[in-house]
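**Q** can you look at this prediction? I've put the sequence above it.
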Amino acid sequence: MKLTTLTLVSVMAAGPALADLVFPDLSYRTGPYAANGIPFSDGYQDYFTLLNERDGGIGGVPVRVVECETAYNTEKGVECYEATKGEGALVYQPLSTGITYQLIPKATADGIPVHSMGYGRTSAKNGAVFSNIFNYPANYWDGASHAVTHILEENGGDINGKKIALVYHNSAYGKEPIRTLTELSKKHGFEFLEVPVDHPGQEQKSQWLQIRQQKPDYVLMWGWGVMNQVAIQEAANIRFPMENFIGIWWSGSENDVLPAGDKANGYKALTFHNLGKDYPLYDDLQKYVVDAGKAAGAGDQLGTALYNRGMYAAMLAAEAAKTAQELSGNADITPEDMRAGMEALEMTEAKMAEIGLPNFGPEFKVSCENHGGNGLGAVAQWDASAGVWNKITDYFPADQDVLAPLIEEDSAAFAAESGITPGCS
């Protein structure tokens, strides 16, 4: 249905019903990472339910979420992609770096965009090479830089001679920041120590014995699921100062810190969105979704770190879909329209406030050359006495002087391997 000068909503009110806008949810409600996968999926689905119940969908077109269980297993994730792409899928949010790596060539060939928000292949920020892959508003290399910048600020800008350890999930996900931290160690003169932890991470005695022996000044963590809980408990056991223990955003949920009780107090984690539920949008989520009995889960996760992240991912997808509708002049957008909408997405504070999420996330703009946004992040800290995460810094930038050449190098290598001629139209 082609739009003229009328608005999407008014045309939709007068015109015939269109096909649903389909957003697959590659979830994991089972397996060792279920405790983290569940709240993300709940937030993702609840936001789309809100749009359906309150607004009649996006641009007058109902949204249909197609959930497929991956159990955080790469093979199952690819099977879910193949099983759902024919439903009219507009964009995939794999919630797994391993799955994302496998979907990069598949989704690109199929013309379907992938949004690996804050994870996946970092160099996919280069849209001139990775045409269908997006990782805004920040990526893993941004996160590594954010952590080092925070440490620099705590040490008056000088960390020469300091020792920083990385405890990481021994997978594609956990290995992502190593290259960046290696380069940042050269720039700032700190010693970099790598400490891998095998899946799922329930046994870490030897790793924390190594940390106790090596005595790093700071420990960074790229963990997920039970690995985070165990690491925080082991850090407490060796009396490592929690304020010097900084996790990536996937190591900063309530699930990670609550098992350690008061011993987790002061632990820090990076974030690219705000925390809690003191936003007007959450009143609508409560009214139209939870109280109406339409929540994806028990309705008890609102405001938690990972529910917020899933909700944020859905909100960004919805805003990209709105942009796609405006650009194409069609309410019933295609995956290619969605890709164009993602590439033209701009999130301003005014837009977020209008949505009901003032000061929730950083402002950013996407382009063909830049699929990763502005790379802003912040630091949160756990207050065990209150049982809440507090954002303790404003959003601040990553060191693009270090990151940009690494992204260019890695994306150029991928282009050469894949026979891609980089370019933007």
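**A** Great, that's in hand. In this text the structure is predicted, and so the values were computed from the model without any measurement.
**Q** residue ranges of the helices in the stretch 101-250 of the chain, please?
**A** Ranges of helices within the stretch 101-250 of the chain are 140-154, 172-175, 178-188, 205-214, 226-237, based on DSSP state H, counting those that start in this stretch.
**Q** so for residue 249, which of these sits nearest?
**A** helix 140-154 (6.6 Å; C-beta to C-beta). For the C-beta atoms, the positions are set from N, CA and C on the backbone; glycine is no exception.
**Q** distance between that closest one and the chain's centre?
**A** Remark: helix 140-154 is offset 17 Å from the chain centroid, using C-alpha atoms, centre = their mean, to the nearest Å.
**Q** same for that helix, what does it pack against?
**A** helix 178-188, strand 218-222, strand 245-247, strand 268-271, strand 378-383, helix 400-418 (3 or more C-beta pairs under 8 Å, 6 or more residues apart in numbering; DSSP states H and E).
**Q** so can I have JSON lines of the helices of the stretch 101-250 of the chain showing mean neighbour count, distance to residue 93 and mean pLDDT?
**A** Conversion of those to JSON lines gives the following (neighbours: other C-beta atoms under 10 Å; distance: least, C-beta to C-beta, whole Å; pLDDT from 0 to 100):
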{"stretch": "helix 140-154", "mean neighbour count": "24", "distance to residue 93": "16", "mean pLDDT": "98"}
{"stretch": "helix 172-175", "mean neighbour count": "21", "distance to residue 93": "15", "mean pLDDT": "92"}
{"stretch": "helix 178-188", "mean neighbour count": "18", "distance to residue 93": "24", "mean pLDDT": "98"}
{"stretch": "helix 205-214", "mean neighbour count": "14", "distance to residue 93": "31", "mean pLDDT": "97"}
{"stretch": "helix 226-237", "mean neighbour count": "22", "distance to residue 93": "21", "mean pLDDT": "97"}
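**Q** would you list these in TSV and tack on distance to residue 91?
**A** Formatted as TSV, the helices of the stretch 101-250 of the chain follow (distance: least, C-beta to C-beta, whole Å):
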stretch	distance to residue 91
helix 140-154	20
helix 172-175	20
helix 178-188	27
helix 205-214	37
helix 226-237	28
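**Q** out of the ones you listed, which is closest to residue 423?
**A** Smallest distance to residue 423 across the helices of the stretch 101-250 of the chain (C-beta to C-beta): 23.2 Å, for helix 140-154.
**Q** what's the angle from that closest one to strand 378-383?
**A** Inter-element angle recorded for helix 140-154 and strand 378-383: 70 degrees (by axes from the mean of the first three to the mean of the last three C-alpha atoms, to 10 degrees).
**Q** if we can go back for a sec, can I get the helices and strands packed on helix 140-154 in a markdown table including distance to residue 259?
**A** Shown next, in a markdown table, are these (distance: least, C-beta to C-beta, whole Å):
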| stretch | distance to residue 259 |
| --- | --- |
| helix 178-188 | 27 |
| strand 218-222 | 15 |
| strand 245-247 | 14 |
| strand 268-271 | 15 |
| strand 378-383 | 12 |
| helix 400-418 | 34 |
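**Q** chain center to stretch 261-274, what's the gap?
**A** On the basis of C-alpha atoms, centre = their mean, stretch 261-274 sits 17 Å off its chain's mean C-alpha point.
**Q** buried residues, that stretch. List them.
**A** Applying a neighbour-count criterion of 16 or more other C-beta atoms under 10 Å, one finds 263, 264, 265, 267, 268, 269, 270, 271, 272, 273, 274 buried in stretch 261-274.
**Q** wait, residue 199 sits on residue 173?
**A** No. The criterion here is C-beta atoms under 8 Å, and residue 199 misses it with residue 173 at 10.2 Å.
**Q** tell me where the stretch 301-425 of the chain has helices.
**A** Using DSSP H, counting those that start in this stretch, helices in the stretch 301-425 of the chain cover 305-328, 335-343, 349-355, 400-418.
**Q** which of those sits closest to residue 145?
**A** Nearest to residue 145 among those is helix 400-418 (6.3 Å), distances taken as C-beta to C-beta.
**Q** flag the shaky bits of the stretch 151-300 of the chain, pLDDT-wise.
**A** Judged against pLDDT under 70, the stretch 151-300 of the chain has no low-scoring part.
**Q** using CSV, list the CA coordinates for stretch 140-150.
**A** The C-alpha trace of stretch 140-150 is given here as CSV (Å, rounded to 0.1, in the frame of the first residue of the first chain):
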residue,chain,number,x,y,z
TYR,A,140,32.6,-4.8,22.6
TRP,A,141,35.7,-2.8,21.6
ASP,A,142,33.9,0.4,22.8
GLY,A,143,33.2,-1.4,26.1
ALA,A,144,36.9,-2.4,26.5
SER,A,145,37.8,1.3,25.9
HIS,A,146,35.1,2.5,28.3
ALA,A,147,36.6,0.3,31.1
VAL,A,148,40.1,1.5,30.5
THR,A,149,38.9,5.2,30.4
HIS,A,150,37.1,4.7,33.7
